[in-house]
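Peer 1: Okay, predicted coordinates and the sequence, questions at the end:
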Amino acid sequence: MPLKMFTFSLTLIRHGETQYNRDKLLQGQGVDTPLSETGLHQAEAVGWYLRDTRFHGFFVSNLQRACQTAEIILRNNAHCSEMEMVLDPLLRERGFGIAEGRPKEDLKNMANAAGQSCRDYTPPGGETLDQVRRRFEDFLKALFRRMVDEHGGPGRSGAAAAAAATADGTAAAPPGNGLPDDGLRGVPVHALVVSHGAYIRVAVRHLVEDLACSLPDGVKMSQLFAPCPNTGVCRFVLTLSRSEGGPALSAARCVFTNRKDHLRDLKD
């Protein structure tokens, strides 16, 4: 199928809180716990926040906490409550090896003993940050092909949509006053991903640092790369073009990261 330009939004959401999150214990991939009561309320809140956004693809880590969150978001959505979720192991949390199930403080102590920062340290049996990044790269490559194949027909893409997305002034909405459709004006297709905190942090860094995303005016880097809160929302607008190897990224824009407006009225 001929492809000139194809633009879509990518919204990333971290799963709701689990008891392990509350107790500051590492889960990774080997500990697969359900949402806590607070986590269920958080998932309802983000589902209600995004209820009027019509998503065209719904991609979810196959770990229980992400699946539960995604099911609640779908149930609340006014347009795609019947959409089938695509469960993808490429979206699983970073593996923390022998540190899984243990207090986060243990991971800090291991990192200190190794003379490394906690973020960069890989415990025995765990995944390196590069391995997680490569998983995200593989996911993006498959996502690009899927979105173009399923939604890149005539009338669903083009330079006009890309220009409108780039010009969308809602990207710079002030903190605490963000709208659910920020960054979506003029963008015809929307993908949603439900994943995990460490994974999303790696994904955001890859999009910004490696893929040269443009950033909202006045954004603070400390906020951009901060840990994503439970059910925190990140959004990017991606434009693809044709290449010999398939759809390739030609432009990317960060709309916001780590948004939690939907949680303001929740009591702990």
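Peer 2: All right, it came through fine. Numbering: from 1, shown residues only.
Peer 1: from here on, contacts and neighbour counts on C-alpha atoms
Peer 2: Fine.
Peer 1: burial count for Glu44?
Peer 2: 23 (other C-alpha atoms under 10 Å).
Peer 1: and it, helix, strand or coil?
Peer 2: Glu44 falls in the helix class when you classify it by DSSP: H, G, I helix; E, B strand; the rest coil.
Peer 1: From what I see, it and Asn77 are in contact.
Peer 2: No - using C-alpha atoms under 8 Å as the test, Glu44 is too far from Asn77 to be in contact (10.3 Å).
Peer 1: tell me which element Arg255 falls in.
Peer 2: I think there's a mix-up here, since residue 255 is Val and not Arg. strand 248-259 (DSSP states H and E).
Peer 1: Not counting its own residues, what contacts that strand?
Peer 2: 144, 166, 171-172, 178, 182-183, 207-208, 211-216, 223-229, 232-242 (C-alpha atoms under 8 Å, 6 or more residues apart in numbering).
Peer 1: try 6 Å this time
Peer 2: Residues outside strand 248-259 that contact it (C-alpha atoms under 6 Å, 6 or more residues apart in numbering): 171, 183, 213-215, 224, 228, 232-241.
Peer 1: farthest residue from the center of the protein?
Peer 2: Ala113 (31.7 Å; C-alpha atoms, centre = their mean).
Peer 1: ok, then the element right after the helix or strand in which that residue is found?
Peer 2: Counting by DSSP H and E, the element that carries Ala113 is helix 104-114. Downstream of helix 104-114, the first helix or strand assigned by DSSP H and E is helix 129-151.
Peer 1: What are the buried residues along that following helix?
Peer 2: Within helix 129-151, the residues that count as buried by 16 or more other C-alpha atoms under 10 Å are 129, 132-137, 139-140, 143-145, 147-148, 151.
Peer 1: now stretch 86-104
Peer 2: For stretch 86-104, the buried set under the neighbour-count rule, 16+ other C-alpha under 10 Å, comprises 87, 90-97, 99-101, 103-104.
Peer 1: which of those residues sit farthest apart?
Peer 2: Leu87 and Pro103 (28.2 Å; C-alpha to C-alpha).
Peer 1: Specify which member of the buried residues of helix 129-151 is nearest to Val60.
Peer 2: Phe139 (11.1 Å).
Peer 1: Name the nearest residue to the closest one, sequence neighbours excluded.
Peer 2: Residue nearest to Phe139 in three dimensions, not counting chain neighbours: Leu90, with 6.1 Å by C-alpha to C-alpha, 6 or more residues apart in numbering.
Peer 1: where does the protein dip in pLDDT?
Peer 2: Where the chain drops to pLDDT under 70, the residues are 1-3, 153-177, 267-268.
Peer 1: how about the helices of this structure, start to end?
Peer 2: Ranges of helices in the chain, per DSSP state H, are 19-22, 37-49, 64-76, 104-114, 129-151, 159-167, 197-205, 221-224.
Peer 1: closest one to Asp120 among those helices?
Peer 2: The nearest among the helices of the chain, by C-alpha to C-alpha, is helix 129-151 at 7.0 Å.
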